[in-house]
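K.L.:
Predicted model, plus sequence, below.
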Amino acid sequence: MSDYYTHAWDLPPQLGGCGAEPEGEPYRKAINGEGTSWQLPLQPHNGGIEPDWGTWAHGDDTAAAKREAVERLSFNHEAIVKFAARGSARKGMPPVMASLSDPNAESNEAVQAGVDAVLRIISLKMLEGGNDDGGYEEAMIQLGNSIQKQKDNNDNDYSEELITSIAYLRDRIGVPRDMRLPAARQLRSHLNWAIHIIEKATS
């Protein structure tokens, strides 16, 4: 079964566009993961906006959900890194209406190594972190510090491009196309965890 987020972003390109109603803003924010839905520690899914999921979506078997997320990342890791790096690359030609589904977009080779490092740290954290962070936050901070050094050497765009690429991957996780909802929630929230640390280290 798909989640509301996947439906909400799949349908507009298929229907030729959808109009936004002002009254729907709180629901849009919740469905798009704003607030606590895609943050660690995980809270009830979308604040209960999607009642059909029941308690299952909240991650009753957290370890299994994390393992599924890591398995999906590692299954096709090299392609996923290149795919994520499309988020900070030039838009494809001809342009398309679906901002998250541009078949002509190119991969930004400059940030691929950074994306790879982020995904490796996230995967280790999900597999081994448990309640004890296990030093993974420090590893992500060190990565952020190395990016800051690049900024100090006048590479001002790198951190922004890396964050944009990680956010693009987060926003492209489809349920159940890529993984089931508990795993998707784990991966989305861990990607946000990485983004927050990198932003703080490079601000």
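P.N.:
Great, that's in hand.
K.L.:
which regions of the chain lie under the pLDDT threshold?
P.N.:
Counting by pLDDT under 70, the chain shows low-confidence ranges at 12-14, 16-17, 47, 51-60, 92-103, 129-133, 151-156.
K.L.:
how about the helix or strand that contains residue 25: buried residues?
P.N.:
For residue 25, the enclosing helix or strand under DSSP states H and E is helix 25-31. Going by neighbour count (16 or more other C-beta atoms under 10 Å), the buried part of helix 25-31 is 30, 31. No exception for glycine: its C-beta is placed from N, CA and C like everyone else's.
K.L.:
tell me which strands and helices the host helix or strand of residue 142 is in contact with?
P.N.:
Under the criterion of DSSP H and E, residue 142 resides in helix 136-152. Secondary-structure packing of helix 136-152 (3 or more C-beta pairs under 8 Å, 6 or more residues apart in numbering; DSSP states H and E): helix 112-124, helix 158-172, helix 181-202.
K.L.:
residues touching the spatially most central residue of the chain, list them.
P.N.:
Centroid-nearest residue in the chain, with C-alpha atoms, centre = their mean: residue 170, separated by 1.7 Å. For residue 170, the contacting residues are 33, 38, 187, 188, 191, 192, 195, by C-beta atoms under 8 Å, 6 or more residues apart in numbering.
K.L.:
The third one against residue 175, yeah?
P.N.:
Looking back up the chat, that one is residue 187. No - in this structure residue 187 lies outside contact range of residue 175 using C-beta atoms under 8 Å: 10.6 Å.
K.L.:
Between these two, which is the more surrounded one?
P.N.:
residue 187 (27 against 21; other C-beta atoms under 10 Å).
K.L.:
can you tell me how far that one sits from residue 66?
P.N.:
Residue 187 sits 9 Å away from residue 66, going by C-beta to C-beta, to the nearest Å.
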